[in-house]
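Student: sequence plus the predicted model coming up.
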Amino acid sequence: MPKQQANWSPYDNNGGSCVAVAGADYCVIAADTRMSTGYIILTRDYSKICKLADKCVMASSGFQADVKALQKHLAARHLIYQHQHSKQMSCPAMAQLLSNTLYYKRFFPYYSFNVLGGLDNEGKGCVFTYDAVGSYEKVGYSSQGSGSTLIMPFLDNQLKSPSPLLLPVQDAVTPLAEAEAVDLVKTVFASASERDIYTGDKLEIVVINADGIRREYMDLRKD
Amino acid sequence: MFRNQYDTDVTTWSPAGRLFQVEYAMEAMKQGSAAIGLRSKTHVVLGCVNKANSELSSHQKKIFKVDDHIGLAIAGLTADGRVLSRYMRNECINYNFTYESPLPVGRLVVQLADKAQVCTQRSWKRPYGVGLLVAGLDESGAHLYYNCPSGNYFEYQAFAIGSRSQAAKTYLERRFENFTDSSRDDLVKDAITAIRETLQGETLKSSICTIAVVGVGEPFHILDQGTVQQIIDTFEIAAEQEGPAAEPDAATGRDTAAEQGTAADQGGSTDEGVAPMDI
């Protein structure tokens, strides 16, 4: 009998894109709300963004069942942390926890491409970007998901600081004001929706700053 | 007499059909400082007397948040209480993870009781030396449970455990019929008064008591010292107006002009069970 190939995969890609941009005292996290499978749209109204802690929000694209499981797992771990430390987890702490959680399943990964955004202990915006198995980096901005190949170059064009070889060393946050960053994100998604079939319907934007968390929505192309 | 012959092992019965180790565990609980609980239809209030080893040390933590809708107060071996509260927190988290809904209080209490029972039937274990007052809210309303080291649990309208708890119980017995329809603030006042009863003349200050509340629309939380002190101050003003009181056994009701909301009237007292496990 010739070697059989698997005719079933435990994974599926539900598409969508996520973006996060960090500022001096704010952080913008955004994701579209389209959930698809293959060429079919499952729903136009599914949030990929999850609040993990007071000042820490995660957006994930990929296989939403794994994303949901990952979010629940992190929420439970956060509760335990709160019981033990009597305070909320900081964004950098959550970032490390997410990395460890992902690597824990190194040999049956969460099919989840994450960006974590929030404020660090000093109130400065921070964004962490991950691959499916937990490799992560603190950056000033990032995108993940089906539209990331379209979005990332645009963000690089607008936000990338000059080469790190140039002194003095630049901060990993954008010099943009909050309103400008939100505007940029809206532009970026509008562009991505034009060419990426998996991105569209509606854009959900979450802004974290010293005053708390604010949510905004914008319509995107529905085709 | 015979007590000493059959009390070495938790797995040894006495001829009278008692497990002395378990009863000794209940004694340990009675040595701890007092904890009280009372509930209305919509809220449950827990209170405890803070005990500190010395002036220099911080006081023992006796009230624990288990989940947004459940909390507990302990009396007895604090370490045992801490371990049990960690178990309860885990159970709540796991239940929530699986069922996306809060763990009903009654179920948690049974799990806790079963855990305590195991320690009464294993020769290599010892019973938990801590009594727990579990306060919680679920679909069937507000609940206050008492879990004892024997593995028994009871639901109460109001209860007090620990040293000098009888004074608080007497006060609560007189007032408990009013609790169901009490407002949240009155319930807190009653809790503080009940704690005062156990202090036997010591001045009531917010630094020696801790109050926690859980209710409809109000997740379990411990009231901060400032708030508690404010409430205590309203009593003290009332007490001063009535005349020199400071009667530990709640005789303040007999004074004139007792419309200050926390005046207590004298009443009868209940009986304490003989073998504690048989209550």
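Tutor: Received it, and whenever you're ready, just let me know what you need.
Student: which parts of the stretch 151-279 of chain B are helices?
Tutor: Assigned by DSSP state H, counting those that start in this stretch, the stretch 151-279 of chain B shows helices spanning B:165-179, B:184-199, B:225-242.
Student: the second one packs against which elements?
Tutor: The one in question is helix B:184-199. Where contact means 3 or more C-beta pairs under 8 Å, 6 or more residues apart in numbering or on different chains; DSSP states H and E, helix B:184-199 is packed against strand B:35-39, strand B:43-49, strand B:158-161, helix B:165-179, strand B:209-215, helix B:225-242. Backbone N, C-alpha and C define where each C-beta goes, glycine included.
Student: quick one: stretch B:212-220 to chain centroid distance?
Tutor: Relative to its parent chain, stretch B:212-220 has a centroid offset of 16 Å by C-alpha atoms, centre = their mean, to the nearest Å.
Student: please save the CA atoms from that stretch in PDB.
Tutor: What follows is stretch B:212-220, C-alpha atoms only, in PDB (Å, rounded to 0.1, in the frame of the first residue of the first chain):
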ATOM      1  CA  ALA B 212     -15.400  42.200  52.700                       C
ATOM      2  CA  VAL B 213     -18.500  42.400  50.600                       C
ATOM      3  CA  VAL B 214     -20.000  40.500  47.700                       C
ATOM      4  CA  GLY B 215     -23.300  41.200  46.100                       C
ATOM      5  CA  VAL B 216     -25.400  41.600  43.100                       C
ATOM      6  CA  GLY B 217     -23.500  43.900  40.800                       C
ATOM      7  CA  GLU B 218     -20.600  44.100  43.300                       C
ATOM      8  CA  PRO B 219     -17.700  41.700  42.900                       C
ATOM      9  CA  PHE B 220     -16.100  40.400  46.000                       C
END
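Student: avg pLDDT for that stretch?
Tutor: Computed over stretch B:212-220, the mean pLDDT rounds to 96.
Student: again, but for stretch A:67-87
Tutor: On average, the pLDDT along stretch A:67-87 is 96.
Student: what do you get for stretch A:142-155?
Tutor: The pLDDT scores in stretch A:142-155 average 96.
Student: that one: how far from the chain's middle?
Tutor: Offset of stretch A:142-155 from its chain centre (C-alpha atoms, centre = their mean): 11 Å.
Student: what comes up buried for it?
Tutor: Residues of stretch A:142-155 classed as buried by neighbour count (16 or more other C-beta atoms under 10 Å in any protein chain shown): A:S142, A:S143, A:Q144, A:G145, A:S146, A:G147, A:S148, A:L150, A:I151, A:M152, A:F154, A:L155.
Student: in helices, which of the residues you listed fall?
Tutor: Among the buried residues of stretch A:142-155, DSSP state H puts A:S148, A:L150, A:I151, A:M152, A:F154, A:L155 in helices.
Student: how about the fourth one, what does it touch?
Tutor: For A:M152, the residues meeting the contact criterion (C-beta atoms under 8 Å, 6 or more residues apart in numbering or on different chains) are A:S142, A:S143.
Student: picking up where we left off before, nearest to chain B among the ones in helices among the buried residues of stretch A:142-155?
Tutor: A:S148 (30.1 Å; C-beta to the nearest C-beta).
Student: any chance of the helices and strands packed on helix B:184-199 in a markdown table with distance to chain A as columns?
Tutor: Formatted as a markdown table, those follow (distance: least, C-beta to the nearest C-beta, whole Å):
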| stretch | distance to chain A |
| --- | --- |
| strand B:35-39 | 20 |
| strand B:43-49 | 17 |
| strand B:158-161 | 23 |
| helix B:165-179 | 27 |
| strand B:209-215 | 14 |
| helix B:225-242 | 15 |
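Student: A:Q82: which of the ones you listed is closest?
Tutor: strand B:209-215 (15.9 Å; C-beta to C-beta).
Student: bridging residues for the residue most central in space within chain A?
Tutor: Central residue check for chain A by C-alpha atoms, centre = their mean: the C-alpha nearest the mean position is that of A:V115, 2.8 Å away. Per DSSP bridges, the residues bridged to A:V115 are A:A59, A:T129.
Student: what's the burial count for residue 122?
Tutor: Answering for chain A, as no chain was given. Using other C-beta atoms under 10 Å in any protein chain shown, the number of residues around A:E122 comes to 8.
Student: please refer instead to chain B.
Tutor: By the criterion of other C-beta under 10 Å, B:R122 has 12 neighbours.
Student: can I assume it is in contact with B:D9?
Tutor: No - using C-beta atoms under 8 Å, B:R122 is not in contact with B:D9; the gap is 10.4 Å.
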